[in-house]
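Undergrad: give me a model of this one.
(2 chains)
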Amino acid sequence: MTTAHSNVPSRRSSPYSSGGLSEAEIDQSIRTPVLFFGGWALFWLLVSSFFALIASLKLHWPQFLDGIEFLTYGRVQAVASSSFLYGWTCSAVFAVGFWIMSRLSQTRLRRNSVLYIAGVFWNLAVIIGLLGIFLGHTTGLRSLEMPGYISPVLLLAYAMIAIWGVFAFHSRQYRTTYAAQWYLLAAFFWFPWIYCAAQAMLVWVPARGTVQAVVNAWYSYNFFGLWLAPVGLAVLYYFLPKLLGRPIRYYYLAKIAFWSYAVIAPWCGVASLSSGPVPAWISTAGIVAKTMLLVPVAILGIHFFSTLKGGWAKIKTSTTLTFATVALLAFFCAHLLQAITAYRNWQEILQFTHFRTALDLLGTYAFFSFAIFAAIYFLLPRITGRGWPYANMMKLHFWCAAGGILVIVLSLALAGWVQGGRLNDPTVAMTDVTGATAPWLMISSFGWILLMIGHIAFVLNVLALLSSRSISKETQEILLSNPPEMKVQTT
Amino acid sequence: MKNGVVLLTGAFLSLAFSWGVLLFMNATHPSYGELDPHVDELTNAYYPAPTIGWSERGRDVYESMGCVACHTQQVRRPDFGADSARGWGDRQSVSRDYIGQQRVFLGTMRVGPDLRNVGDREIPEEWSHLTWEQFHHLHLYDPRAVVEDSVMPSFAFLYEKKEIVGEPSPEALPLKVEEGYEIVPSRRADALVYYLRSLSLAYELPEAIPAVTGGEGDE
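TA: Next comes the predicted model:
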């Protein structure tokens, strides 16, 4: 039970030899919290993709549900964005982040009702926040659309949830830590800070004038850069070596990557303020940061791609690896495009267009959400002791999600290009600008329908898994144990 | 990395660096975050003029409808994009223009036109028989009645259909409805249009004089 279930393939990439607790015991202890937060996450995934589809339709079909106050475009769009960010991504971080943290720290999550109470409060706050948007209490701030009155509840609930992740790290069995843990711990710490800073300077005691725009741009990027991206990276760090059965190559560079990411990433958000009514050095700093961020991104690329090298054939055999590979590719595309288009000659065209939405989705969906899907496909059978009932549903989910997001990102990027080019030509009337983007926006709506189908297939598969009978201990051993090459070679 | 304290301290310092410089320093900077209105020496008038209660109420409506999802409120400099050429403003908007606003809606998306200077913009010629306010009420009530292919949502729910009692209301929209009725703006619609009217760059600041040619300042 001990060596066969060790954590990570070799001592090079992971400091753990297995002792103390087995993976099965850890999975048992964290089973209910993961199911609890995972359940909320899936609920919000469906909700957010539903409203995102409505918002997308409204962009090119203004008569659709027109003239209804609570369904006006601005509100639906805010609901779609908030339910995605604070519903889906946050609950997903709690579920997957805790699981990875517990496994790497080799600790049990002690039974605690505080976690569930806090979780219920978090999600109630999100529900009230979304109702608030429908009723018109939105703040109109990017990524912070939910009304200010729920933020104290969110913060308090967050503190009571995240503290367990910190406890897990603190009570780890081995002093040495693995890269995935650094990113997780830092993310747990960064999120409340950026959230507090943004709430304080935008809602509680608003800063004067366009300083608000600086704060908002800073927060909006950091929500991805310091909260979602680190968790996505932790997933990649954990699963790639585990499933490929080989250590992370050039692991000694991991520290440089982590620290340079930590120092540079918080500066990136303000790049989007090019030529706005803010001091010019601010966006210059952002552009420099986005370019410099390519250094840690390149190191991470060397890590992951050279680990994958020679293992491409394995990708097809594991759903987790397939999703993780897409996430990896999206991570690079997103950062590369972010860096290139941050420059002012690109911003002149793309600054206020759908292109920006496309880039955001590349990061928050194609990278982060795919990493979460990858993790869920791996962890759910292990914590429940049940197998995925429908292989076809997994395929359907993958192809709909991958195809859908590809269609959305490409069509929105093209829409943005068309829109930006025409906006800069004063002879083109505004209606001709929107008219020219309409076909592309229509295609993006098809993309959202695909995503919706994928999400429904995913949720149905999860529900079927939960209601199926658990498989026998012997089959579990065979199906869920690590392949032979992943067992620790004791030297 | 063995020490959690080192990790957390490092994570703290890295974010503190960016927070301190980008947010704290800017928010407390005398010529940015604590910028004061410009006082005209001859007239003793303040620019930008302080906002008035009714336009604040309209700003709330603008905020609650999520207008910022499709409209920016920033005029970029003349050699950067076509903001001025589109007639969105004669001069670039600068940070001082926003100091009176409780919440700043710079925006990140232009599905519709920029609105920073909408209060100072002429309405289209074919509607010149309407006042500025009437035109914008009509446009909010039914965008496609004014601009054929507009994708803007209708805000008809901000208007009331009323029976005409005595004289027709001077505020009634120039629309044909059933005999004896008229469409009048609610208080929210009135406030919203009042707010839009208040969005104007029609004053000069020492740092933002209307540009004659493009290309002043390279940033």
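Undergrad: distance check, the spatially most central residue of chain A against A:V407.
TA: The residue lying closest to the centre of chain A (CA atoms, centre = their mean) is A:F368, at 3.0 Å. In this view, A:F368 and A:V407 are 19 Å apart by CB to CB, to the nearest Å. All C-beta spots, glycine's among them, are computed from the backbone N, C-alpha and C.
Undergrad: and what of B:D120?
TA: 42 Å.
Undergrad: before we move on, what about B:L173?
TA: Counting by CB to CB - B:L173 and A:V407 are separated by 41 Å.
Undergrad: can you list the strands that the lowest-mean-pLDDT helix or strand in chain B pairs with?
TA: None of the helices or strands of chain B scores lower by mean pLDDT, DSSP states H and E than strand B:46-47, at a mean of 88. Paired strands of strand B:46-47, with direction, are strand B:38-39 (antiparallel) (DSSP bridges).
Undergrad: contacting residues around the strand it pairs with?
TA: Strand B:38-39 is contacted from outside by B:45-47, B:96, B:205-206, using CB atoms under 8 Å, 6 or more residues apart in numbering or on different chains.
Undergrad: show me where chain B has its helices.
TA: Secondary structure of chain B (DSSP state H): helices at B:4-18, B:26-28, B:53-64, B:132-141, B:143-146, B:187-198.
Undergrad: sec struct for the residue nearest to A:A271 when sequence neighbours are not counted, please.
TA: Once flanking residues are discounted, A:A271 sits nearest to A:G286: 2.9 Å by CB to CB, 6 or more residues apart in numbering or on different chains. Following DSSP: H, G, I helix; E, B strand; the rest coil, A:G286 is assigned to helix.
Undergrad: so A:G286 sits against A:G269, correct?
TA: Yes: here A:G286 reaches A:G269: they are 6.5 Å apart, a contact under CB atoms under 8 Å.
Undergrad: relative to chain A, how far out is B:F157?
TA: Computed as CB to the nearest CB, to the nearest Å, the B:F157 to chain A distance reads 5 Å.
Undergrad: chain center to stretch A:287-297, what's the gap?
TA: 20 Å (CA atoms, centre = their mean, to the nearest Å).
Undergrad: what about B:Y181, how many residues close to it?
TA: Using other CB atoms under 10 Å in any protein chain shown, B:Y181 has 13 other residues around it.
Undergrad: in chain B, which residue sits closest to chain A?
TA: B:G66 (1.8 Å; CB to the nearest CB).
Undergrad: once you drop chain neighbours, what's closest to that residue?
TA: In space, B:G66 is closest to A:G74, 1.8 Å off (CB to CB, 6+ apart).
Undergrad: quickly find the element holding the one you found.
TA: In this structure, A:G74 sits in helix A:73-82 according to DSSP states H and E.
Undergrad: now the helices of chain B as JSON lines including distance to chain A?
TA: Output for the helices of chain B, formatted as JSON lines (distance: least, CB to the nearest CB, whole Å):
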{"stretch": "helix B:4-18", "distance to chain A": "4"}
{"stretch": "helix B:26-28", "distance to chain A": "5"}
{"stretch": "helix B:53-64", "distance to chain A": "3"}
{"stretch": "helix B:132-141", "distance to chain A": "10"}
{"stretch": "helix B:143-146", "distance to chain A": "8"}
{"stretch": "helix B:187-198", "distance to chain A": "10"}
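Undergrad: is it possible to get a markdown table of those that adds mean neighbour count and mean pLDDT?
TA: Below are the helices of chain B laid out as a markdown table (neighbours: other CB atoms under 10 Å in any protein chain shown; pLDDT from 0 to 100):
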| stretch | mean neighbour count | mean pLDDT |
| --- | --- | --- |
| helix B:4-18 | 16 | 93 |
| helix B:26-28 | 18 | 95 |
| helix B:53-64 | 20 | 93 |
| helix B:132-141 | 21 | 95 |
| helix B:143-146 | 17 | 93 |
| helix B:187-198 | 21 | 96 |
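Undergrad: quick one, phi/psi of A:S274?
TA: phi -40, psi 130 (degrees, to the nearest 10).
Undergrad: how much space separates the residue in the stretch 1-150 of chain A that chain B sits nearest to from B:T108?
TA: Relative to chain B, the nearest point of the stretch 1-150 of chain A is A:G74 (1.8 Å; CB to the nearest CB). Distance, A:G74 to B:T108, using CB to CB: 13 Å.
Undergrad: which one of these two has more residues nearby?
TA: Neighbours were counted for A:G74 and for B:T108 using other CB under 10 Å; A:G74 has more, 25 against 21.
Undergrad: how about that one, what does it touch?
TA: By CB under 8 Å, 6+ apart, the neighbours of A:G74 are A:138, B:65-70, B:153.
Undergrad: can you report phi and psi for residue 123?
TA: No chain in the question, so chain A it is. Torsion angles, degrees, to the nearest 10, at A:N123: phi -70, psi -30.
Undergrad: nope, chain B please
TA: Main-chain torsions, B:I123, degrees, to the nearest 10: phi -80, psi 160.
Undergrad: for the residue nearest to it when sequence neighbours are not counted, give me its contacts.
TA: In space, and not counting its chain neighbours, B:I123 is closest to B:F135: 4.3 Å by CB to CB, 6+ apart. Counting by CB under 8 Å, 6+ apart, B:F135 touches B:123-124, B:127, B:146.
Undergrad: redo that, cut-off 10 Å
TA: B:122-124, B:127-129, B:146, B:174, B:193 (CB atoms under 10 Å, 6 or more residues apart in numbering or on different chains).
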